[in-house]
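**Q** here is my input, please return the structure:
(one chain, ligands or ions: 1)
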Amino acid sequence: MVKNKQNSKKFGMHLRNVLRQAPDYTKLAIKYKDFRNVCSLELNGKVSVNFRNERTLRELTKMLLTEYFDLNVDFAPGSLVPTLALRLNYILWIEDLLESFKLDQIKGIDIGCGSSCIYSLLGAKKNNWKMLALESKPENIEYARENVKRNHLEDLVEVFAQPDNTCIFKSYFEQDTKEQMYHFCLCNPPFFDSNSPNPFGANTRNPERRPAPNNARTGSQEELTCAGGEVQFVQRIVDESLENKLCVRIFTSMLGVKANVPRILEYLKEKGLTNVSTTEFHQGHTTRWAVAWSFYTETPLSQGTSSN
Ligand SMILES: C[S@@+](CC[C@H](N)C(=O)[O-])C[C@H]1O[C@@H](n2cnc3c(N)ncnc32)[C@H](O)[C@@H]1O
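**A** Prediction:
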């Protein structure tokens with residue numbers, strides 16, 4: 001479907017996304033020196049932001065996290081720089097999925113939190129959620145822990161060092177001293193297939209490739225690739241969800257390619273899962289997809305779930 005005036009709501013960001021209205025970059029450049037240093041000034045006195053430049057993206061995300069959430073975040077050199085609008089759309093969808101449960105203290109798992117630990121920090125700071133952040137890359141673990149500490153969120157966010165990156169929850173749940181009941185899990189999986197001869201997919205004519213972002217690509221090979229790409233990663237989450245059915249009330253994962261949504265839905269069907277839902281996240285020209293499933297059948301996930 002092509003975006004037009006009639007259907008623009010369908011393509012908009014989540015209604016509660018603070019970035020639904022484009023920020024006033026000129027005002028923000030006046031307020032934040034580090035951001036100002038990566039912007040250029042147009043002849044009309046307005047500031048322009050080069051989204052194709054990695055350093056600009058870093059300063060932009062840092063500045064937006066401070067301005068909107070009072071979060072002071074740093075990223076490991078060369079690591080993935082998260083775009084805030086997408087992360088917020090995902091968090092807001094989780095809020096919608098959980099709304100009907102009327103929970104007091106929400107507990108979530110962030111699979112592959114990255115060096116920024118962005119989902120866990122946002123969940124903790126914005127919603128007071130207790131977050132378990134799982135990460136396998138040592139440098140990311142170090143940065144994620146430092147980000148939690150710098151923002152005084154140690155009571156709400158635990159960063160767990162994943163000892164085996166072929167596992168998802170297993171290593172954590174195997175320790176019987178640990179918390180065993182969570183309300184949701186979320187994941188932005190490594191997308192590219194490390195078994196492919198050209199993991200980052202030079203063939204831009206391939207209809208199944210991940211839609212090219214307008215922004216500069218950031219992130220190390222280790223963060224962005226895994227054996228089998230995102231489909232196999234999410235299938236592993238499904239497999240481990242079968243072993244931990246009641247430990248997490250709602251399992252979710254994001255997907256970078258639309259064609260992978262029916263693959264995951266088919267896999268869930270094969271495993272006998274019927275309480276399943278999907279959504280789309282729209283942010284500017286970039287769309288991402290997400291799938292949710294639950295072994296608790298009393299509340300159908302499709303109720304009250306929408307990205308807009
Ligand atoms: C695409 S990045 C997402 C980072 C962050 N969540 C974000 O959205 O900006 C995927 C992350 O998952 C981590 N990872 C890969 N396999 C993992 C596993 N089995 N358990 C925990 N983390 C893993 C990678 O090191 C990387 O930091």
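**Q** and the strand or helix carrying Ala133, anywhere near the ligand?
**A** Using DSSP states H and E, Ala133 sits in strand 130-135. Yes. Residues of strand 130-135 contacting the ligand under Cβ under 6 Å from any ligand atom: Leu134, Glu135. Where you see a C-beta, it was placed from the backbone N, CA and C, and this is true even at glycine.
**Q** so what's the residue of the stretch 1-150 of the chain found nearest the ligand up against?
**A** Using Cβ to the nearest ligand atom, Gly112 is the residue of the stretch 1-150 of the chain that sits closest to the ligand, at 2.2 Å. Counting by Cβ atoms under 8 Å, 6 or more residues apart in numbering, Gly112 touches Leu134, Glu135, Ser136, Cys187, Asn188, Pro189, Pro190, Glu223.
**Q** same check on Arg236?
**A** By Cβ under 8 Å, 6+ apart, Arg236 lies in contact with Thr166, Cys167, Ile168.
**Q** shaky segments in the stretch 51-200 of the chain?
**A** Residues of the stretch 51-200 of the chain meeting the criterion pLDDT under 70: 176-179, 200.
**Q** near the ligand, which residues of it?
**A** 80, 82, 111-114, 116, 118-119, 134-137, 140, 162, 165, 167-168, 188, 190.
**Q** quick one: which of the residues you listed sit in strands?
**A** The strands, defined by DSSP state E, take in Ile111, Leu134, Glu135 from these.
**Q** what sits opposite the second one in the beta ladder?
**A** The bridge-partner assignment for Leu134, based on DSSP bridges, gives Ile111, Phe160.
**Q** what about the closest residue in space to His14 that isn't next to it in sequence, which SS state?
**A** Closest residue in space to His14, ignoring its immediate chain neighbours: Leu92 at 4.2 Å, by Cβ to Cβ, 6 or more residues apart in numbering. Applying DSSP: H, G, I helix; E, B strand; the rest coil to Leu92 yields a three-state assignment of helix.
**Q** and Leu92, how many neighbours does it have?
**A** Leu92 has 19 neighbouring residues, counting by other Cβ atoms under 10 Å.
**Q** which SS class is the residue located most distally from the centre of the chain?
**A** Within the chain, the residue lying farthest from the chain centre (Cα atoms, centre = their mean) is Leu43, at 36.6 Å. Per three-state DSSP, the secondary structure class of Leu43 is coil.
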